[in-house]
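Engineer: Here is my input; please provide its structure:
(3 chains)
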Amino acid sequence: MSTSACKLKVRNLAKNFTLHTLGGVRVHGFSGINFSLPKGQLLALSGPSGAGKSSILKTIFRSYLASSGSALFCRNDGSEVDLATCSESRILDLRRREIGFVTQFLKILPRVSALDTVARPLVEIGVEEAEAKARAEQMLRRLGIRPELFALSPLTFSGGEQQRVNIARGIIAPKELLLLDEPTASLDAKSSNTVLDMLAELKQQGIAMIAIFHDQNKIDRIADICVPVVREQ
Amino acid sequence: MLLELEAVSKIFGASCGACLDLTGEPGAICPDCGSVVAVNRVNLKVAEGEVLGVVGESGSGKSTLLQLIYQDQPVTAGRIFFNGITNQEGKRQDILTLPATHKARLRNRDMSMIYQNPHRGLNFNFSAGGNIAEKILDTNERSYDTIRSRALHFFTKIEMPPTRLDDYPDAFSGGQQQRIQIAKALSSSPRLLLLDEPTTGLDVSVQARILDLIKALQREMGFAMVVVSHDLGVINHLTDLTLVMKSGCLVEYGLTDQILEDPQHPYTQLLVSSKL
Amino acid sequence: MIRPSEVLFGFLDEDAKKEIRRALLKAVALPGYIVPFASREMPIARGWGTGGLQVSLSIITEKDTLKVIDQGCDGSVNAVNIRDFISSVTGVPETEDTTKASIIQTRHRVPEHQLTEGQIIVYQVPYPEVLDSVEPDTARQKEMHANNDYAKLWVLLYEDTSQFGDSRMASGYPVAVNDHYVMDPSPIPKFDIAKLNNSQALHLFGAGREKRIYAIPPYTKVAPLTFNDRPFQVEQFPGKACERCGCRDVFLDEVHLDDGVHYFCSDTFHCDTVLNTRGEGHAA
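Structural biologist: The predicted structure is shown next:
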C-alpha cells in the first residue's frame, strides 16, 4: 500500500452540545468540517481559540459524540469504519491498536515513575520490559529530561517536563493515526524543535497525524495540510 | 460476547403485572401496587476483557443489577447469556435456566464478586488462606500442595507478606480485607469479575492503591469487569465503558471518557456536573 | 422388670415403627442423605441413644439376635441397660458375639470383626449434620448437599493441614458416600472409617434428639474427605499393644491409672476372642 493511501476521511462533521442542566440551551461546537488525511502526512487544524479545534479531535477520538457527519477511518485491510457511529467496542479496539490521542494535559497515574509511564505502551504491545525501559530512557534523554527524574512521578515535574513525558508516552509506540492537541505548548524552543523532528520521523514511518498548533511557523514547517477552523457566531 | 443481558428486570414485592410499564426514569415505585422495580428491562453487553462501569445514585438499582448477574438475587424477568454457553441444539442458553449445579459452577469458577463489605465476601471463621482456598476448592482442585501454592501466589499478588497467610480476616485492616477479597476472587481465574463499590469507605490513599492493584491485575490477567460505583473518579480510573442507571432504568451507555466529557442524558449531565 | 406380654413388641406402637421404617427406606435409597423423622419419647433421656434405640426397635423381629456396645464394650452401663431394655420389650436373645448378632447397636465404635451380609449395625448419633460446623443456615445446608458443594468442609481440612499438618478431626470424620452426599459417620474414630467402605452389612444411623436418620447400604463406596496428595491418617499406637491380649492392629483405649497409662482393646469381644483362642491353643 502506498504512503498516499487515505487514513481518515472527515465529511460534514458537526457537533452541538445541549446543556440540560442549563435549561436545555444549545451550544455550537463546530460544523461543516471536511478533509482527507493520507498516511504519512500531518494535518494541522488552525484557527482562533474557541473555534472548536480540540472538539474536532475529541469527536474523531469519540470522546465527544458527533451530532452529524462522519469520520471514516481506513484500515489496512481496506475496510472503513465510521468513528462517529461505530460500536463502542470497536472504538476501544481501534484505540488499543490504531488510534492514539496525545492530550494537552498530562493524564496519568500519580504513583508511576516517568520511565514506567513512557515504557508502558511498549509493554502493552508485547515488548520485553527491559527493552521497553531502554527505549523509554532513550526517548526521555532525547527530549532533554534529566536522568535523575526518571524514577520520579511526572506529577512532581515542571509543566514543560510533564508535556515532554506526555508526548514521549504518546509516540513511543505510535499508532497509525495520532491526534495531537497542542503537543508543543509550554515547551521551550529547543524542546519544540526536538518534538517537531520526532513528528517528522513519524511521518517517514507512515503515521498519519492531526495536530493543533498555535504557532503558524510550526504549521509551515511540519504540516502537509492545513485546515482552517473558524468560529461561527 | 462474554456477558449479555436481555431485558433483565427485578421487582421487589408482589407485582401487579404492569409494574415495568408503570415505572421508569421518574420513579421506581409502582403507583398501582407499590412494588419496587429495582431493575427495569436492562440490556447490556460485555466483551472479553472489557471493563464496564455502572454509575447512578443510591437506589438506582446498580448493586441489584450486579447481584442479578452473580445470582445473589433471583431475576424477575429477562435472560442472561454468559461465556458462550449453549444448549444441546447448539443455541445459546439463558443461564437462568441452567440446572442448579451448573449455575453454582458459573458462580464459583467463571465469575467472582467483590463486595463493598468484606464481611459479605469473606468468611471470618476461615483464615485469609482458607478464604482463598475455598474459591480454589470450588474449582474441584483437590491437591493440598496446589491449593496452598495458589493461595500463596494470589496472596503475594495482592502485596501481602506470606507470613500472614494463616491469619484470620479480623486481624487485618479494612483495606487489607479488601485485598484478601481480591485474591480470593481471582484465585479461580474467573472470566468476569464483579465489583460492588470496592473501595467505598476506605481512606483515599488506601483506595488509590487498591484501584491500582485491580487495574494492574486486570491488565495482566485479562478478565472482564463490571464495576459498580457512585464515585466517578473510580469509574474514570478503572473502566473503558460506562452505563448510567436511574430508577432501575439504563439511561445512557457509552465510552467512559465520552460519558464524562460529553454526557447526553439530562440525568448524566447532572451527575457529571455534580462531581467535586 | 417389664415382661414381654405387658407391652407392645418392640415398645413402639405400629404407627411409630411404620414412620421410622419409611424414613429408613428413604435413607437406604439415598445413601448418606439425611432424612427427618418424628423421634418419639423413649424411657431414656434424649442424648443417651434414643435415635439408635428407635431404629433398632423398628427393625427388630423375633428371629434377631442383639448385641449392644458402647465405645466397643458390651459391659458398660449404657450398653447393658439398652440391651436389657430391648430384650425385655422383644424377648430376642442377647449376645456379645459380633459374628452371631444380626443387629448391633453401637455408640462410637465399629467392631473389629468384619461385619457380614445380613447384619445390621445401628449407630447412635449426637450431631447428624456434617455441615453444622461450617454453615449455620439449614436452608443453605440443604442446597449445599443438593449441589454437592462441600468446599467449606474442605476449607476446614485445608486450615488444619496448613496449621497443624493434618486434620484435627479425631472422630466423626466426614465421609463421602457413593461419591455424593458427605455425612458424619457419628463419633467413631478415624481408625474405623475404612470398615464402612464397601461393607457387606447395612449401616443405619439414628439421631434421636436431632430427629434425623441416614444410612449406608451394603456394598457402598465410602471415602473420607482427603486431599489427593495427603494420605488419610488413622490413629496409631506406636509400640503399644493391648495389655490383656497383646493385639497391636486394633483400636486401643488409653486408660489412665495411678501407676501410669495403660492400653487395652477398645472392642472387648475381640479381646476376649483372642484370649479364648489362645487358651484353647494351650489346651490342645
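Engineer: How about the secondary structure of the nearest residue to residue B:207 once chain neighbours are set aside?
Structural biologist: Nearest non-adjacent residue to residue B:207, counting by Cβ to Cβ, 6 or more residues apart in numbering or on different chains: residue B:199, 4.1 Å away. Every residue, glycine included, has its C-beta placed from N, CA and C. Secondary structure, DSSP: H, G, I helix; E, B strand; the rest coil: residue B:199 is coil.
Engineer: Which residues are in contact with residue B:199?
Structural biologist: B:178, B:206-207, B:210-211, B:229, B:231, B:234 (Cβ atoms under 8 Å, 6 or more residues apart in numbering or on different chains).
Engineer: which of those lies closest to residue A:57?
Structural biologist: Closest approach to residue A:57 among those (Cβ to Cβ): residue B:234, at 26.4 Å.
Engineer: So that closest one versus chain C, what's the distance?
Structural biologist: Distance of residue B:234 to chain C, given as Cβ to the nearest Cβ, to the nearest Å: 31 Å.
Engineer: Make sure I have this right: residue B:250 is in a helix.
Structural biologist: No. If the criterion is three-state DSSP, then residue B:250 is strand and not within a helix.
Engineer: Do I have it right that residue B:77 meets residue B:8?
Structural biologist: Yes. Look at residue B:77 against residue B:8 with Cβ atoms under 8 Å: they come within range, at 7.4 Å.
Engineer: In terms of neighbours, single out the busier of these two.
Structural biologist: Of the pair residue B:77 and residue B:8, residue B:8 is the one with more neighbours under other Cβ atoms under 10 Å in any protein chain shown, namely 22 against 16.
Engineer: Identify the residue spatially nearest to the more buried one, adjacent ones excluded.
Structural biologist: residue B:78 (3.4 Å).
Engineer: if you skip the residues just before and after it, what's nearest to the residue in the stretch 101-250 of chain B positioned nearest to chain C?
Structural biologist: Proximity of the stretch 101-250 of chain B to chain C (Cβ to the nearest Cβ) peaks at residue B:144, 3.8 Å away. Residue nearest to residue B:144 in three dimensions, not counting chain neighbours: residue C:227, with 3.8 Å by Cβ to Cβ, 6+ apart.
Engineer: Repeat that for residue B:59.
Structural biologist: Residue B:59's closest residue in space is residue B:28 (Cβ to Cβ, 6+ apart), at 7.5 Å.
Engineer: for the contacts of residue B:199, which one is nearest chain A?
Structural biologist: Nearest member of the contacts of residue B:199 to chain A, counting by Cβ to the nearest Cβ, is residue B:211, at 9.5 Å.
Engineer: any idea whether the closest one is helix, strand or coil?
Structural biologist: What three-state DSSP gives for residue B:211 is helix.
Engineer: And residue A:8, by the same measure?
Structural biologist: strand.
Engineer: Could you check the pLDDT of it?
Structural biologist: We note a pLDDT of 97 for residue A:8 in this prediction.
Engineer: low-scoring pLDDT stretches of the chain, where are they?
Structural biologist: Chain wasn't specified; assuming chain A. Across chain A, the ranges flagged by pLDDT under 70 are A:1-4, A:106-108, A:233.
Engineer: was after chain C, sorry
Structural biologist: If you take pLDDT under 70 as the line, chain C has these spans: C:1-6, C:280-284.
Engineer: Of all residues in it, which one is closest to chain A?
Structural biologist: Closest to chain A within chain C is residue C:162: 33.5 Å, counting by Cβ to the nearest Cβ.
Engineer: residues near that residue, how many?
Structural biologist: By other Cβ under 10 Å, 18 other residues sit near residue C:162.
Engineer: Next up, the contacts around residue 189.
Structural biologist: Just so you know, I chose chain A. Here residue A:189 is in contact with no residue (Cβ under 8 Å, 6+ apart).
Engineer: not what I meant, chain C
Structural biologist: Applying Cβ under 8 Å, 6+ apart, we find residue C:189 in contact with C:108-109, C:170-171, C:234-235, C:251.
Engineer: Tell me how far the residue most central in space within chain A lies from residue A:100.
Structural biologist: What sits nearest the mean C-alpha location of chain A, by Cα atoms, centre = their mean, is residue A:179, with 2.3 Å. Taking Cβ to Cβ, to the nearest Å as the measure, residue A:179 falls 7 Å from residue A:100.
Engineer: Name the helix or strand for the residue most central in space within chain B, please.
Structural biologist: Most central in chain B under Cα atoms, centre = their mean is residue B:194, positioned 2.2 Å from the mean C-alpha point. Applying DSSP states H and E as the criterion places residue B:194 in strand B:192-196.
Engineer: With residue A:58 instead?
Structural biologist: helix A:53-61.
Engineer: And that helix, what's buried?
Structural biologist: By neighbour count with 16 or more other Cβ atoms under 10 Å in any protein chain shown, helix A:53-61 contains the buried residues A:53-61.
Engineer: Considering the residues you listed, which is situated nearest to chain C?
Structural biologist: For these, the nearest to chain C is residue A:61 (46.4 Å; Cβ to the nearest Cβ).
Engineer: what about the closest residue to chain B within chain C, neighbour count?
Structural biologist: Closest residue of chain C to chain B, Cβ to the nearest Cβ: residue C:227 (3.8 Å). When neighbours are counted by other Cβ under 10 Å, residue C:227 registers 21.
Engineer: didn't it look like it was pressed against residue B:148?
Structural biologist: No. Applying Cβ under 8 Å as the test, residue C:227 and residue B:148 come out as separate, 9.6 Å apart.
Engineer: list residues touching both of those two?
Structural biologist: Counting by Cβ under 8 Å, 6+ apart, the common neighbours of residue C:227 and residue B:148 are residue C:158.
Engineer: Look up the closest residue to residue C:256, ignoring the ones flanking it.
Structural biologist: Closest to residue C:256 by Cβ to Cβ, 6+ apart is residue C:262, at 7.9 Å.
Engineer: Name whatever forms a beta bridge with that neighbour.
Structural biologist: Partner residues in beta bridges with residue C:262, using DSSP bridges, are residue C:255.
Engineer: since we're on it, how many residues are nearby?
Structural biologist: Neighbour count for residue C:262, taken as other Cβ under 10 Å: 15.
Engineer: pretty sure it contacts residue C:255?
Structural biologist: Yes. The criterion here is Cβ under 8 Å, and residue C:262 meets it with residue C:255 at 4.6 Å.
Engineer: quick one, helices of chain A?
Structural biologist: A:53-61, A:88-97, A:114-124, A:129-142, A:159-171, A:189-204, A:216-222 (DSSP state H).
Engineer: Burial-wise, tell me which of these comes out on top.
Structural biologist: helix A:53-61 (a mean of 24; mean count of other Cβ atoms under 10 Å in any protein chain shown).
Engineer: Give me the residues contacting stretch C:247-257.
Structural biologist: By Cβ under 8 Å, 6+ apart, stretch C:247-257 touches C:71-72, C:109, C:112, C:189, C:191-192, C:235, C:237, C:240-242, C:261-267, C:270-271, C:274.
Engineer: Just give the closest residue to residue 75, not the sequence neighbours.
Structural biologist: Just going to use chain A. Once flanking residues are discounted, residue A:75 sits nearest to residue A:81: 6.6 Å by Cβ to Cβ, 6+ apart.
Engineer: wrong one, chain B
Structural biologist: Counting by Cβ to Cβ, 6+ apart, the residue nearest residue B:75 is residue B:68, at 5.1 Å.
Engineer: Centre of the chain to the helix or strand containing the one you found, how far?
Structural biologist: Using DSSP H and E, residue B:68 maps to helix B:62-70. Offset of helix B:62-70 from its chain centre (Cα atoms, centre = their mean, to the nearest Å): 7 Å.
Engineer: other SSEs contacting that helix?
Structural biologist: Where contact means 3 or more Cβ pairs under 8 Å, 6 or more residues apart in numbering or on different chains; DSSP states H and E, helix B:62-70 is packed against strand B:3-12, strand B:36-46, strand B:51-55, strand B:111-114, strand B:192-196, strand B:224-228.
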